[in-house]
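Colleague: here's a sequence, model it:
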Amino acid sequence: MANQDTEPMSRLLKLAKKFNCFYLSGLHAGDCRAFVVDGQQIGLVRPDVMKELLNHPQVFQVHPEYVQLNPAFRDYNERSAKVEEVLREWRGGDKFVALHGWREEYYDVRAQFNTPPLFKMDRSATSLFGIRKYGVDINGYVIDPVKGLSIWLQKRSPKKQTWPSFWDNCVSGGLSVGFGIHETAIKEAAEEAGIPNHLLTKLKSGGCISIFFESNRGLFPNTEFVFDLELPLDFVPTNNDGEVETFELLPVSECLERILSSNFKTTSVPVSLDFFIRHGVITPENEPNFIQIMELLHVPLQTMYNQPHRKHKISTNGETNSLGRI
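Modeller: Numbering: from 1, shown residues only. Next up, the predicted model:
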């Protein structure tokens, strides 16, 4: 039997490994430490961030095996305010490239998706702490009588703080403080693509994908709630918030090549691959690495930070009873 490592790797599997680069390598290197808040691990901290955290011992306590937000901060508002003080200082001192994307858009940080938030953090800073982020993506498509299944893609504005001028899915947006999943989908569809409410009644949930990506901006354990939306043949998306340069409708084969190109947003690729799989475009018959790709579209982020041997039981004096570096 051939060694799996020596078997040919398809272009799609190479791409799947790219958007899961941290999950496949960095996660196991042992360089990151768990980020603990209120006795619960909610993130991971890289060495470059830990170095800066040492300058703020009243807010962040750096231990040999983990980093802890000061347990003296007891509630959502106090934690949020203390963390933001540090982040704004870093931003003013240009400490991290990730903070160039600061936009006064806040994410609630939770131990689990459906548990109460522990504090809030500017969207741009979540990657510095390996915070799991949640977003919404809409695959806008049409059934063309000549070209068949065709997909709308957007080209991001050159003024975007992240991935400027890259191609992207039709509609996407993060779950900000105060907005639910379906509510975010409706809001982003109107803002990014000018899709009216009467068309959004056909919005269908396609589940979710999860990946763990790393770049110079930090760690991205992302879960995206995916929706499909069949649009009328005569509908053309129009941007309303200045974040999209243009839209283009591509038949399946051309769309797949666009996604495989170097100018497509890496962390949006899995949403498109998931769409193609669910619609029978990518199958076990035409993709030799189908199973590996499927697994890499569903990285177990919700359990990764909460395995029994990785739980951190923090006592009131800040000591730990059970530690484990990831």
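Colleague: alpha carbons only for contacts and neighbour counts from here, please
Modeller: Noted.
Colleague: now the helices for the stretch 1-150 of the chain?
Modeller: Assigned by DSSP state H, counting those that start in this stretch, the stretch 1-150 of the chain shows helices spanning 11-18, 21, 27-29, 47-53, 76-92.
Colleague: nearest to residue 129, out of these?
Modeller: Distance to residue 129, taken as CA to CA, is lowest for helix 47-53 among these, at 7.9 Å.
Colleague: by contact count, what packs against that closest one?
Modeller: strand 60-62 (3 or more CA pairs under 8 Å, 6 or more residues apart in numbering; DSSP states H and E).
Colleague: again, only this time at 10 Å
Modeller: Judged by 3 or more CA pairs under 10 Å, 6 or more residues apart in numbering; DSSP states H and E, helix 47-53 is in contact with strand 60-62, strand 66-69, helix 76-92.
Colleague: nearest to residue 279, out of the helices of the stretch 1-150 of the chain?
Modeller: Nearest to residue 279 among the helices of the stretch 1-150 of the chain is helix 11-18 (16.4 Å), distances taken as CA to CA.
Colleague: so where is the stretch 201-326 of the chain shaky, pLDDT-wise?
Modeller: 307-326 (pLDDT under 70).
Colleague: among the helices and strands packed on helix 47-53, which is nearest residue 305?
Modeller: strand 66-69 (12.4 Å).
Colleague: which elements pack onto the closest one?
Modeller: Packed next to strand 66-69, using 3+ CA pairs under 10 Å, 6+ apart, are strand 33-37, strand 40-45, helix 47-53, strand 60-62, helix 76-92.
Colleague: export the last one as PDB, just CAs?
Modeller: Looking back up the chat, that one is helix 76-92. The C-alpha coordinates for helix 76-92 follow below in PDB (Å, rounded to 0.1, in the frame of the first residue of the first chain):
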ATOM      1  CA  TYR A  76     -18.600  41.500  31.400                       C
ATOM      2  CA  ASN A  77     -18.200  45.200  31.600                       C
ATOM      3  CA  GLU A  78     -15.100  45.300  33.800                       C
ATOM      4  CA  ARG A  79     -13.400  42.600  31.700                       C
ATOM      5  CA  SER A  80     -14.300  44.400  28.500                       C
ATOM      6  CA  ALA A  81     -13.000  47.700  29.700                       C
ATOM      7  CA  LYS A  82      -9.700  46.300  31.000                       C
ATOM      8  CA  VAL A  83      -8.900  44.400  27.800                       C
ATOM      9  CA  GLU A  84      -9.800  47.400  25.600                       C
ATOM     10  CA  GLU A  85      -7.400  49.600  27.500                       C
ATOM     11  CA  VAL A  86      -4.500  47.300  26.600                       C
ATOM     12  CA  LEU A  87      -5.700  46.900  23.000                       C
ATOM     13  CA  ARG A  88      -6.000  50.700  22.500                       C
ATOM     14  CA  GLU A  89      -2.500  51.100  23.900                       C
ATOM     15  CA  TRP A  90      -1.200  48.500  21.500                       C
ATOM     16  CA  ARG A  91      -3.000  50.100  18.600                       C
ATOM     17  CA  GLY A  92      -1.600  53.500  19.400                       C
END
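Colleague: buried sites along it?
Modeller: 79-80, 82-84, 86-87, 91 (16 or more other CA atoms under 10 Å).
Colleague: between that helix and strand 33-37, how many degrees?
Modeller: With axes from the mean of the first three to the mean of the last three CA atoms, to 10 degrees defining the directions, helix 76-92 sits at 140 degrees from strand 33-37.
Colleague: what's the closest non-adjacent residue to the most centrally placed residue in the chain?
Modeller: Geometric centre of the chain, nearest residue: residue 222, 2.7 Å, by CA atoms, centre = their mean. Excluding its sequence neighbours, the residue lying closest to residue 222 (CA to CA, 6 or more residues apart in numbering) is residue 133, at 5.0 Å.
Colleague: so for that neighbour, what pLDDT did the model give?
Modeller: Looking at residue 133, its pLDDT is 95.
Colleague: quick one, what contacts it?
Modeller: 107-110, 113, 123, 126-127, 174-176, 210, 220-224 (CA atoms under 10 Å, 6 or more residues apart in numbering).
Colleague: give me the buried entries from those.
Modeller: 107-110, 123, 126-127, 174-176, 210, 220-224.
Colleague: next step: the residues you listed restricted to strands.
Modeller: 107-109, 174, 210, 220-224 (DSSP state E).
Colleague: quick revisit: in terms of distance to residue 17, which of the buried ones among the contacts of residue 133 ranks first?
Modeller: Nearest to residue 17 out of the buried ones among the contacts of residue 133 is residue 210 (CA to CA; 12.9 Å).
Colleague: quick one: the strands in the stretch 101-250 of the chain?
Modeller: If DSSP state E, counting those that start in this stretch is used as the criterion, the strands of the stretch 101-250 of the chain fall at 106-109, 119-122, 133-144, 148-156, 167-169, 171-174, 204-215, 218-230, 244-251.
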